[in-house]
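**Q** Provided below are the primary sequence and the corresponding predicted coordinates.
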Amino acid sequence: MARTLEWRVRLELAEDDGTTRARATVDTGTATLTGHGTARRNPDDPDVPEIGDELAASRAMSDLARQLLRTAYRDIGRVGAGLPEAEGYEDVGGYGWSAVSA
């Protein structure tokens, strides 16, 4: 079965008084997921907005990726398929930090 999909991620950034907030949203067609990320500048550091943008955006996309992975795990369970005992699946239970993402 061949198929092609395109999922677009919308990334919104806002900076206010040394704090940058990011929101990354993807619509898969069956679910809409939104990840959030924040970066705070130390008042003693130089004001370089691009660094806050990069940090907040990466954190929002990382949050989004974790949500997408949890969604996939739930879908795997719903269809009755077991997860292979392979690297990358050890965080199925708690969905927290694992050796893979550490």
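**A** Now that the structure is in, tell me what you want to look at.
**Q** C-alpha from now on. contacts and neighbour counts both.
**A** OK.
**Q** so who does G37 touch?
**A** R21, A22, R23, L55, A56, A57, S58, R59, A60, M61, D63 (C-alpha atoms under 8 Å, 6 or more residues apart in numbering).
**Q** tell me the secondary structure at it.
**A** strand (DSSP: H, G, I helix; E, B strand; the rest coil).
**Q** mind listing what the closest residue to it other than its chain neighbours touches?
**A** Spatial nearest neighbour of G37, excluding adjacent residues (C-alpha to C-alpha, 6 or more residues apart in numbering): A60 at 4.0 Å. If a contact means C-alpha under 8 Å, 6+ apart, then A60 has A22, R23, A24, G35, H36, G37, T38 as its contacts.
**Q** pick the one among these closest to G77.
**A** Checking these against G77 by C-alpha to C-alpha gives G35 as the nearest, at 22.9 Å.
**Q** hmm, A57 and the closest one touching each other?
**A** No - using C-alpha atoms under 8 Å, G35 is not in contact with A57; the gap is 9.4 Å.
**Q** point out where the protein drops to low pLDDT.
**A** Low-confidence segments of the chain, defined by pLDDT under 70: 82-102.
**Q** as a quick check, tell me the outermost residue of it.
**A** D44 (29.2 Å; C-alpha atoms, centre = their mean).
**Q** helix or strand for that one, just tell me which one.
**A** Using DSSP states H and E, no element contains D44; it sits outside every helix and strand.
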